[in-house]
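Student: After the sequence you'll find the predicted model.
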Amino acid sequence: MSGVRVFPDLGAFAGAVGEPLGTGEWHTITQEQVDLFADATGDHQWIHVDVERARQGPFGAPVAHGYLTLSLIPQLGAEIYRVEGLRMGINYGLNKVRFPQAVTVGSRIRASADLVSVTETAQGAQAVVRWTLEIEGQAKPACVAETVALLVP
């Protein structure tokens with residue numbers, strides 16, 4: 001991990017299609033994050049928020065919501081790459097998302113990103129990035145997702 005990869009403009013970014021964009025730092029998932037996400041989404045299932053019951057459950061500890069893990073991509077991605085010279089970047093959607101492994105509270109995760117494609121549009125360009133969120137010490141990743149962003153120069 002050598003810090004944020006900076007692309008001076010959209011053209012330089014498009015030139016990196018097919019390349020790994022980088023890997024970020026480890027981040028610890030806390031019970032406070034899980035509880036705040038549960039409050040924000042109304043998903044208070046016991047495997048997330050009931051610490052004592054979750055310790056007796058299938059994962060041996062409370063687990064982060066899959067959508068919480070997915071929602072960390074912007075934060076984790078900010079330490080991997082940046083495209084300069086943009087007026088804005090807009091979340092356009094997701095092509096595919098999988099959650100192969102549950103993330104227990106106290107686990108550390110990090111993201112790696114690969115640039116899949118950049119396609120010109122009338123507004124700018126659509127960029128597809130494949131994200132892998134790995135869990136320290138686990139063979140399976142927490143999340144694998146393809147995000148689509150509209151990048152407007």
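Tutor: Perfect, thanks for sending it. Numbers count the residues shown, from 1 in each chain.
Student: Name the residues of the lengthiest strand in the chain that come out as buried.
Tutor: Identified as the longest strand of the chain according to DSSP state E is strand 108-120. Under the neighbour-count criterion of 16 or more other Cβ atoms under 10 Å, strand 108-120 has 109, 110, 111, 112, 113, 114, 115, 118 buried. C-betas here are computed from N, CA, C, even on glycine.
Student: For it, name the packing helices and strands.
Tutor: helix 10-14, strand 20-23, strand 27-28, helix 73-77, strand 125-135 (3 or more Cβ pairs under 8 Å, 6 or more residues apart in numbering; DSSP states H and E).
Student: What are the contacting residues of that strand?
Tutor: If you take Cβ atoms under 8 Å, 6 or more residues apart in numbering as the criterion, strand 108-120 is touched by 10, 13-14, 16-29, 69, 72-73, 76-77, 80-81, 103, 125-136, 142, 146, 151.
Student: Could you turn the buried ones of the residues you listed into a PyMOL selection?
Tutor: Of the contacts of strand 108-120, the buried ones can be selected in PyMOL as follows, counting by 16+ other Cβ under 10 Å:
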select buried, resi 10+13+14+16+21+22+23+24+27+29+69+72+73+76+77+80+81+103+125+126+127+128+129+130+131+132+133+134+135+142+146+151
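Student: The longest strand of the chain: partners in the sheet, and parallel or antiparallel?
Tutor: strand 20-23 (antiparallel), strand 27-28 (antiparallel), strand 125-135 (antiparallel) (DSSP bridges).
Student: Put together JSON lines for the ones you listed, with distance to residue 49 and mean pLDDT on each row.
Tutor: Shown next, in JSON lines, are those (distance: least, Cβ to Cβ, whole Å; pLDDT from 0 to 100):
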{"stretch": "strand 20-23", "distance to residue 49": "31", "mean pLDDT": "98"}
{"stretch": "strand 27-28", "distance to residue 49": "18", "mean pLDDT": "98"}
{"stretch": "strand 125-135", "distance to residue 49": "20", "mean pLDDT": "98"}
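Student: and residue 85, which of those strands is closest to it?
Tutor: strand 125-135 (12.0 Å; Cβ to Cβ).
Student: Format the CA atom coordinates belonging to that closest one as CSV.
Tutor: Taking C-alpha atoms only, strand 125-135 is exported to CSV below (Å, rounded to 0.1, in the frame of the first residue of the first chain):
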residue,chain,number,x,y,z
ALA,A,125,-18.2,8.7,-18.4
GLN,A,126,-19.5,5.7,-16.6
ALA,A,127,-16.8,3.9,-14.6
VAL,A,128,-17.2,0.3,-13.4
VAL,A,129,-14.9,-0.6,-10.5
ARG,A,130,-14.7,-4.1,-9.0
TRP,A,131,-14.2,-4.0,-5.2
THR,A,132,-13.1,-6.8,-3.0
LEU,A,133,-13.5,-6.2,0.8
GLU,A,134,-11.3,-8.7,2.6
ILE,A,135,-11.4,-9.7,6.2
